[in-house]
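In: Got a predicted structure plus its sequence, pasted below:
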Amino acid sequence: MSYADELAPINIVINQSPWLDGFAGLVDLYESETGNTVTLDVNPYAGSLEKQRNAVRSEQSEYDILIVNGIFYPEMYHGGFLEPLKNVDPDFKLDPQIYTYDDTLCYDAVNKTVNCETGDLLTIPVNPNITLMFYRKDLYEQNGLKIPETWDELMANAKALHNPPEMIGMMQRSARATISITWDYWPYLISHGGSLFQDEGNGDFSVTINSPEARKALETYVAFSKEVGPENPASMEQGDLIQYLVTGRAAHAVLPAAAQSQMDDPNKSIVAGKIGYMTIPHAPGHPSAPALGHWLGGIPKNIAQDHKVAALAFLDWFQKPETQIAYAEMGGSPVSAAAYESDFADKPENRYMLTMRTASPTARRLWTIPEGSEIVAVLEVGLNRVVAGEISVVDSLNNMAAEIEKIMVDAGYKTGRLPDLAN
């Protein structure tokens, strides 16, 4: 594919986000290098999703690339709205240094699962947005603390630094939103050996959110909120976590990697240079499991062929190692090992990238079915009520399992659920 060829102008619908400036800078670079034209249609999160839903269901999409959220991509995959990239160019291949993010780039339409061995490549990742643990590395050094590997070790460190209201040991999102507490709870669930379904990859959608492992995960989550968290932990949003960190009032916080851009900004942070980054802890015997909330670039089926070719040309250029390094240099969040293993990543101001080297390959998806929007609504309420003290861990998990099972039954899946947990 030649970028020197004159290609059709393309429109990209994208969300307003902390990493938008880096992506927009890369678009400018692409235009200057190739002479091709790219227009960004920037919208709030919900507005971007709505525009995408309307575009793929219209006679012809007004957008040539959809920047799809890693929570709601199953709707696009299962609906058959995205063009397999090999259909645009049979010779196109994913650059080997691009992370596949738990196989979420590929879809097996026969088995209706994400699988890069049996499925078609539908998207190229454009932003990783996985969770990292942000922490006060200066306080670790002053108190002789070691980077924790397990949740118990993290709790010990958080207790050592917890001195409310001046210093909160641990901040995590527990408010209800489109997706908030669910995303922060997910690493606890998976890293304790829990799961939402029995074997989603092979079509067994028996609900397992009320397993003993899930119980231990939620008890651990709640313990952090109660023992080393702020007042009213059930109201904490992402913006609150960032504010606690940049104002020097939090020792730890779970945040998407993109939030690192604010930590060393002297106009926003009084702790510039003092924030470190670590991989999300785990329970003994299980790996770390950062939650994926990434963004994927896909090409809708309902556009003209010349626009598909132009869209793929941009995505192909975007995935190149040299482009990904430039993306990092512009303040974006790259999706390629090439950037995280570059000299740029070794600079002190880019120290989050060293953690991303370890965290990116272990990041875990949430679900792969279009009913996710219904499921997350159940999880947001159930998990939030536990942190707020309105319901017990056991009752919440049992109730959520029953509600999710009903969603799956109504949608026609092979399902069931575990017996209720006992108090």
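Out: Everything's here; your move.
In: quick one: the helices in the stretch 51-200 of the chain?
Out: Applying DSSP state H, counting those that start in this stretch to the stretch 51-200 of the chain gives helices spanning 73-78, 85-88, 137-143, 151-161, 181-191.
In: can you give me the angle the last one makes with helix 151-161?
Out: The reference is to helix 181-191. 130 degrees (axes from the mean of the first three to the mean of the last three C-alpha atoms, to 10 degrees).
In: how about the strands of the stretch 151-300 of the chain, start to end?
Out: 197-199, 204-207, 252-256, 275-278, 295-298 (DSSP state E, counting those that start in this stretch).
In: Same list (the ones you listed) but as TSV, adding mean neighbour count and distance to residue 139.
Out: In short, each C-beta sits where N, CA and C put it, glycine included. Shown next, in TSV, are those (neighbours: other C-beta atoms under 10 Å; distance: least, C-beta to C-beta, whole Å):
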stretch	mean neighbour count	distance to residue 139
strand 197-199	17	40
strand 204-207	20	41
strand 252-256	25	10
strand 275-278	21	10
strand 295-298	25	33
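In: got a markdown table for these, with distance to residue 108 and mean pLDDT too?
Out: Listed next are those as a markdown table, based on distance: least, C-beta to C-beta, whole Å; pLDDT from 0 to 100:
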| stretch | distance to residue 108 | mean pLDDT |
| --- | --- | --- |
| strand 197-199 | 15 | 94 |
| strand 204-207 | 16 | 95 |
| strand 252-256 | 28 | 95 |
| strand 275-278 | 34 | 97 |
| strand 295-298 | 16 | 97 |
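In: Out of those, which is closest to residue 85?
Out: strand 295-298 (8.6 Å; C-beta to C-beta).
In: so which of the helices of the stretch 51-200 of the chain is the most packed in?
Out: helix 181-191 (a mean of 27; mean count of other C-beta atoms under 10 Å).
In: re the thing from before, any chance of the helices of the stretch 51-200 of the chain in a markdown table, with mean pLDDT and distance to residue 329 too?
Out: Output for the helices of the stretch 51-200 of the chain, formatted as a markdown table (pLDDT from 0 to 100; distance: least, C-beta to C-beta, whole Å):
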| stretch | mean pLDDT | distance to residue 329 |
| --- | --- | --- |
| helix 73-78 | 95 | 28 |
| helix 85-88 | 98 | 27 |
| helix 137-143 | 98 | 24 |
| helix 151-161 | 98 | 32 |
| helix 181-191 | 97 | 28 |
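In: With distance to residue 224 as added columns, please give these in JSON lines.
Out: Formatted as JSON lines, the helices of the stretch 51-200 of the chain follow (distance: least, C-beta to C-beta, whole Å):
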{"stretch": "helix 73-78", "distance to residue 224": "30"}
{"stretch": "helix 85-88", "distance to residue 224": "41"}
{"stretch": "helix 137-143", "distance to residue 224": "17"}
{"stretch": "helix 151-161", "distance to residue 224": "7"}
{"stretch": "helix 181-191", "distance to residue 224": "9"}
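In: out of the ones you listed, nearest to residue 300?
Out: helix 73-78 (8.5 Å).
In: hmm, who's touching the closest one?
Out: The contact list for helix 73-78 (C-beta atoms under 8 Å, 6 or more residues apart in numbering) reads 52-53, 56, 66, 68, 82, 104, 107, 112, 114, 122-123, 296, 298, 367-370, 372-373.
In: Derive a PyMOL selection command for the buried subset of those.
Out: One line in PyMOL is enough to select the buried ones among the contacts of helix 73-78; burial here means 16 or more other C-beta atoms under 10 Å:
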select buried, resi 52+53+56+66+68+82+104+107+112+114+122+123+296+298+367+368+369+370+372
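In: Out of the contacts of helix 73-78, name the ones that lie in strands.
Out: In strands, defined here by DSSP state E, the members of these are 66, 68, 107, 123, 296, 298.
In: can you pull up the bridge partners for the third one?
Out: Read it as residue 107. residue 120 (DSSP bridges).
In: so it touches residue 116, yeah?
Out: No - Residue 107 is not in contact with residue 116 according to C-beta atoms under 8 Å; the separation is 9.4 Å.
In: what separates residue 197 from residue 413, distance-wise?
Out: 9 Å (C-beta to C-beta, to the nearest Å).
In: try residue 189
Out: Residue 189 is 20 Å from residue 413, by C-beta to C-beta.
In: cool, residue 261 as well?
Out: According to C-beta to C-beta, residue 261 and residue 413 sit 40 Å apart.
In: ok, now residue 160?
Out: Counting by C-beta to C-beta - residue 160 and residue 413 are separated by 46 Å.
In: which residues touch the spatially most central residue of the chain?
Out: Per C-alpha atoms, centre = their mean, the C-alpha nearest to the average position across the chain is that of residue 293, at 1.6 Å. Residue 293 makes contacts with 69-71, 129-131, 179, 183, 256, as judged by C-beta under 8 Å, 6+ apart.
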